[in-house]
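# whatever this is, show me its structure:
(chains A and B)
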Amino acid sequence: MSTPEIERLVDLLAKLPGLGPRSARRAALHLIKRPGQIMQPLADALSGVVAAIRTCTACGNIDSVDPCRICDDIERDRGVICVIEDVADLWALERTASYGGLYHVLGGTLSALDGVGPDDLRIGKLLDRARSEAVIEVILATNATVAGQTTAHYITERLADSNVKISRLAHGVPVGGELDYLDDGTLTAALKSRREV
Amino acid sequence: MEWRDEGFVLAARPHGEGAAVVQILTREHGRHAGLVHGGASRSKRATVEPGNLVDAVWRARLTEHLGRFTIEPSRHTAAQIMDDPARLAALSAACAVTETVIPEREPHPGLFDATAALFAALTHGDQEIWPAVYIQWEMGLLAELGFGLDLQACAATGMTTELVYVSPKTGRAVSREAGAPYAERMLALPRFLQPDGRGHGATAEDFTAGLRLTGHFLARHAFDPLDRPLPPARTRLESLVSRKLDTAKDGDEKDTPVS
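Next up is the predicted model:
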């Protein structure tokens, strides 16, 4: 027999990705049994994030300051903007520690199915940034999906009249990938993007 | 209930955390939906990209159920044309139009074969061939829905030459002479659709005229009755080709290919 407070906690936990009602109940019980070790720090962390989190008005990144730390970092190359679909992609690129420019988070892709048009994404802001004098290259790092590449082509077209170099991420064989196990689409893309050695 | 068929993926919508409701155009079972477990997951998402040819097994307890698909990829169409904006836009437009106007679970083997030919042209066709195939495909779709265009002879005079217009009301060809007084209201008949132009490829100008022609009748016969506009993907294809044509005209380039 649980209390309304615990039921509410279970209901909210069940909304998290990867958790259903049963696993949410297990998680709630786990928290309740360790109030000092996990539950209170978790509650504090959640309150802290809710109070501090901001969306960067320049690039769309999530941070506790606006402009975000990446946009504010004078060490970064301000001449290059990497265009990505989501903040998760920014985190993935930052993990590589191989990119030193700025980012622009679109907030999704053009999608006929979901009725997402250019005005629903942060494309206008990107065009403004790309036309600023400091920018010399825009890297399109949208996903290798029909929606992702359609969005990339749309941005390329809109940037055609600017004097900015436009590049995109390579498509092809992943590190550790065996040709025998790759799908024909990836292999075709890899062959098309082959380069002289 | 269980069947197995080949089909082209038209759309995949995420359902729950990892599943997707996938629409497939099959040869024997028409446009058919089903749930694909893990269809939105990293490992399977590439399989359910629009345009891909898949081997699908559909299972359900009752025929009226949504059912579940088990799918294996046969050909990754989209991956081969990702770099070409116009071909990719045409692929998206074909999938979006088919998904909207073809009734579910109604076999259209002719449309399936035409779609296979279109996707083959998109992936391997020359730059002047695939736009012509695309327009022929939309004309075939209109015919499949019962609204085929009659482009064999002039509706007014019966002439079979100099057919340069199509009546926006009847969908029948009109000769240059008979259509001249109404030229502003007529739709242009692109060269590759004229009786003496068969086999000709399509330039950006021809493709634009073709898209306006089929777009008019698709909107009128297929989308207006559904109280829906043409899909954004179809509109995007038309505006992309129009812009390319305008750019070519500014640069005074004649017979510009589409891609």
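
# for stretch B:212-226, the averaged confidence score.
Average pLDDT, stretch B:212-226: 95.

# quick one: that stretch near chain A?
No. Against chain A, stretch B:212-226 shows no contacts by CB under 8 Å from any CB of the partner chain, the least distance being 13.5 Å. No exception for glycine: its C-beta is placed from N, CA and C like everyone else's.

# for that stretch, which positions count as buried?
Across stretch B:212-226, burial judged by 16 or more other CB atoms under 10 Å in any protein chain shown covers B:Arg212, B:Leu213, B:Thr214, B:Gly215, B:Phe217, B:Leu218, B:Ala222, B:Phe223.

# now the terminal residues of that stretch, how far apart.
20 Å (CA to CA, to the nearest Å).

# outside of it, which residues touch it?
Here stretch B:212-226 makes contact (CB atoms under 8 Å, 6 or more residues apart in numbering or on different chains) with B:97, B:100-101, B:135, B:138-139, B:141-142, B:145, B:147, B:149, B:166, B:168, B:171, B:187-190, B:193, B:229-230, B:234, B:238.

# how about the residues of chain A by chain B?
Applying CB under 8 Å from any CB, we find that chain A lies next to chain B at A:17-18, A:110, A:112-113, A:115, A:117, A:144-146, A:149-150, A:153-154, A:156-157, A:171, A:183-186, A:188-189, A:192.

# could you rerun that using 6 Å?
Contacts of chain A with chain B, taken as CB under 6 Å from any CB of the partner chain, map to A:Pro17, A:Ala112, A:Leu113, A:Val146, A:Gln149, A:His153, A:Asp183, A:Asp184, A:Gly185, A:Thr188, A:Ala189.

# any idea of the pLDDT on B:Val258?
At B:Val258, pLDDT is 65.

# A:Val49 too?
pLDDT recorded at A:Val49 is 90.

# what about it, which helix or strand?
helix A:40-52 (DSSP states H and E).

# so what's B:Trp58 up against?
By CB atoms under 6 Å, 6 or more residues apart in numbering or on different chains, the contact set of B:Trp58 is B:Trp3, B:Gly34, B:Gly67, B:Phe69.

# ok, which pair from the residues of chain A next to chain B is furthest apart?
Maximum pairwise distance among the residues of chain A next to chain B (CB to CB): 32.6 Å, between A:Pro17 and A:Thr188.

# low-scoring stretches of the chain, by residue?
Picking chain A for this. Residues of chain A that meet the criterion pLDDT under 70 lie in A:1, A:112-113.

# I was thinking of chain B, sorry if that wasn't clear
Applying pLDDT under 70 to chain B flags the ranges B:248-259.

# now the strands for it?
B:2-15, B:19-26, B:30-36, B:53-59, B:68-75, B:163-166, B:173-175, B:187-188 (DSSP state E).

# of those strands, which is nearest A:Ile136?
strand B:2-15 (37.3 Å).

# which residue, other than its chain neighbours, is closest to residue 111?
No chain was given, so I picked chain A. Spatial nearest neighbour of A:Ser111, chain neighbours left out: A:Ala147 (5.2 Å); criterion: CB to CB, 6 or more residues apart in numbering or on different chains.

# actually chain B
Nearest to B:Leu111 is B:Glu144, by CB to CB, 6+ apart, at 5.0 Å.

# burial check on the closest residue to chain A within the stretch 151-259 of chain B, number of neighbours?
Per CB to the nearest CB, B:Ala233 is where the stretch 151-259 of chain B lies closest to chain A, at 4.1 Å. Neighbourhood size, B:Ala233 [other CB atoms under 10 Å in any protein chain shown]: 25.

# equivalent analysis for A:Trp91, please.
For A:Trp91, using other CB under 10 Å, the count is 12.

# what helix or strand is it located in?
Per DSSP H and E, A:Trp91 falls inside helix A:87-96.

# can you pull the buried residues of that helix?
For helix A:87-96, burial by neighbour count (16+ other CB under 10 Å) applies to A:Val87, A:Asp89, A:Leu90, A:Leu93.

# still on that earlier bit, scan the contacts of B:Trp58 and report the most crowded one.
With neighbours taken as other CB under 10 Å, the top of these is B:Phe69, carrying 24 neighbours.

# show me what that one is bridged to.
Beta-bridge partners of B:Phe69, counted by DSSP bridges, are B:Trp58.

# so it touches B:Val36, yeah?
Yes. Between B:Phe69 and B:Val36 there is a contact under CB atoms under 6 Å: 5.0 Å.

# find the residues that touch each one of the two.
B:Val22.

# identify the residues contacting the helix holding A:Trp91?
Here helix A:87-96 makes contact (CB under 6 Å, 6+ apart) with A:Asn61, A:Ile62, A:Ile84, A:Tyr99, A:Tyr103, A:Val105.

# can we see that at 10 Å?
For helix A:87-96, contacts defined as CB atoms under 10 Å, 6 or more residues apart in numbering or on different chains pick out A:55-56, A:59-63, A:68, A:70, A:82-84, A:86, A:99, A:101, A:103-107, A:139, A:141-143, A:169.

# restricting to C-alpha, output it in CSV.
Listed next in CSV are the C-alpha coordinates belonging to helix A:87-96 (Å, rounded to 0.1, in the frame of the first residue of the first chain):
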residue,chain,number,x,y,z
VAL,A,87,22.0,19.1,-28.2
ALA,A,88,22.8,15.3,-28.0
ASP,A,89,24.8,15.6,-31.2
LEU,A,90,26.7,18.6,-29.8
TRP,A,91,27.6,16.5,-26.7
ALA,A,92,28.7,13.7,-29.1
LEU,A,93,31.0,16.0,-31.1
GLU,A,94,32.4,17.6,-27.9
ARG,A,95,33.3,14.1,-26.6
THR,A,96,35.6,13.6,-29.6
